[in-house]
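A.B. asks: Provide a 3D model corresponding to the input given below.
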Amino acid sequence: MSERAPQDTPAGHWISYRPEIKVMDCTIRDGGLMNDHQFPDETVKAVYEACVESGIDYMEIGYINSRKQFPPGQFGPWKHCVESDVRRIVGDNDTPLKLSAMADADKSDYAEDILPKSESVLDMIRVATYIHQIPLALDMIKNANDKGYETSLNLMALSTVPERELNEALALVAQSEADVICIVDSFGALYCEQIDDYMTTFQGHAAPAGKEVGMHAHNNRQLAFANTVQATIKGANRLDASMAGLGRGAGNCAMELLLSFLHNPKFRLRPVLHCIQHHIEPMRAALKWGFDYPYMMTGVLNQHPRAGMAFNESDDRGDIIKFYDSLEDPD
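C.D. replies: Model prediction:
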């Protein structure tokens, strides 16, 4: 089936077209937080092939986190992204798709586990960090850059960071080897007006240093897509999304919505929809990601969704008043 031709797009929609925008698929990496990264190879391969066929720019296949802290017997292979596991899925990746893995500050044995780029099929290392871990994160960025990778610093839990600390951190990141500085709405707490302000702040540090700004949104308030659109309008050129929004808790910006919005003729929607139908949606009943009232409440209160995730795994699932009362009066 052919894709809809660009000239058939309703007038005015091309305002969202910007060829320099790069899209990263986070389905397996972020979605792995819902099943301890235990996806069958068939699913990972299907997502990889859908990314290739749809023209997506990057696929984040998982984490490179510590096998000491996260024993392989308790976690699937996409918590560690050992080279042999990655190549089992992608071979030599003789495609335009670039591959990424994420390393968490304080959770990664990055000096040993991240191979030189010449020995790896990966193209990018993204370092996820909280504000207090910035010095370590900058060392991780330098390590990955020195090994030959593209790099991104993803600043998590941004909605909890005081303005002065944020500006101090961004000034340091702007001087680092990071190619991308990514806004991360970890708790799904932000509104579009706040995204405007963050984009102004991030661009003020990133643009003079020749760095791109990225956006990674969570859907606790059903604003992941809207906030990603707003960041795009304000100049973000690196955008995260996942198929059917699969991701931790309330999930991420939905890839199928984002590709439709961007109107870049290089993107094809049908392979993503095919993967969703045959591989992603069949997992929904078991993984239970997506908008849900406990995740909404943690987003409203600007809290980590771990409490909502634990509640949804308990016998009290569905008793949203009980969960609300527990957050309002934890004692």
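A.B. asks: Please identify the helix or strand for the residue lying closest to residue 247 once chain neighbours are set aside.
C.D. replies: Nearest residue to residue 247, sequence neighbours excluded (Cβ to Cβ, 6 or more residues apart in numbering): residue 30, at 3.7 Å. Where C-beta positions appear, they are placed from N, C-alpha and C, glycine not excepted. Assigned by DSSP states H and E, residue 30 belongs to helix 27-31.
A.B. asks: which parts of the helix or strand that that helix is followed by are buried?
C.D. replies: Downstream of helix 27-31, the first helix or strand assigned by DSSP H and E is helix 41-54. Buried residues in helix 41-54, counted by 16 or more other Cβ atoms under 10 Å: 43, 44, 46, 47, 48, 49, 50, 51, 52, 53, 54.
A.B. asks: tell me the SS of the residue nearest to the last one when sequence neighbours are not counted?
C.D. replies: To tie it back to what came earlier, the one meant is residue 54. Nearest-residue entry for residue 54: residue 271, 4.3 Å, with adjacent residues in sequence omitted and distances by Cβ to Cβ, 6+ apart. Following DSSP: H, G, I helix; E, B strand; the rest coil, residue 271 is assigned to helix.
A.B. asks: ok, now which ones touch residue 271?
C.D. replies: By Cβ atoms under 8 Å, 6 or more residues apart in numbering, the contact set of residue 271 is 49, 50, 53, 54.
A.B. asks: SS state for the spatially closest residue to the second one that is not a sequence neighbour?
C.D. replies: Taking Cβ to Cβ, 6+ apart as the measure, residue 50 lies nearest to residue 275, with 3.7 Å between them; neighbours along the chain are not counted. Using three-state DSSP, the structure places residue 275 in helix.
A.B. asks: Kindly report the same for residue 239.
C.D. replies: With three-state DSSP as the basis, residue 239 sits in strand.
A.B. asks: Report how many residues lie close to it.
C.D. replies: 26 (other Cβ atoms under 10 Å).
A.B. asks: Check residue 197 too.
C.D. replies: For residue 197, the count of nearby residues is 12 (other Cβ under 10 Å).
A.B. asks: How is it assigned, secondary-structure-wise?
C.D. replies: Of the three states, residue 197 takes helix under three-state DSSP.
A.B. asks: quick one: the residue nearest to residue 54 from residue 216, how far?
C.D. replies: As defined by Cβ to Cβ, to the nearest Å, residue 271 lies at a distance of 22 Å from residue 216.
A.B. asks: Report the contact partners of the spatially closest residue to residue 266 that is not a sequence neighbour.
C.D. replies: Leaving aside its chain neighbours, residue 266 sits nearest to residue 55 (4.4 Å; criterion: Cβ to Cβ, 6+ apart). The contact partners of residue 55, by Cβ under 8 Å, 6+ apart, come to 96, 264, 266, 267, 268.
A.B. asks: Could you find the closest non-adjacent residue to residue 260?
C.D. replies: Sequence neighbours aside, residue 269 is the residue nearest to residue 260 in space, at 6.3 Å (criterion: Cβ to Cβ, 6+ apart).
A.B. asks: can you tell me which residues contact that neighbour?
C.D. replies: Contacts for residue 269 (Cβ under 8 Å, 6+ apart) come out as 3, 54, 256, 259, 260.
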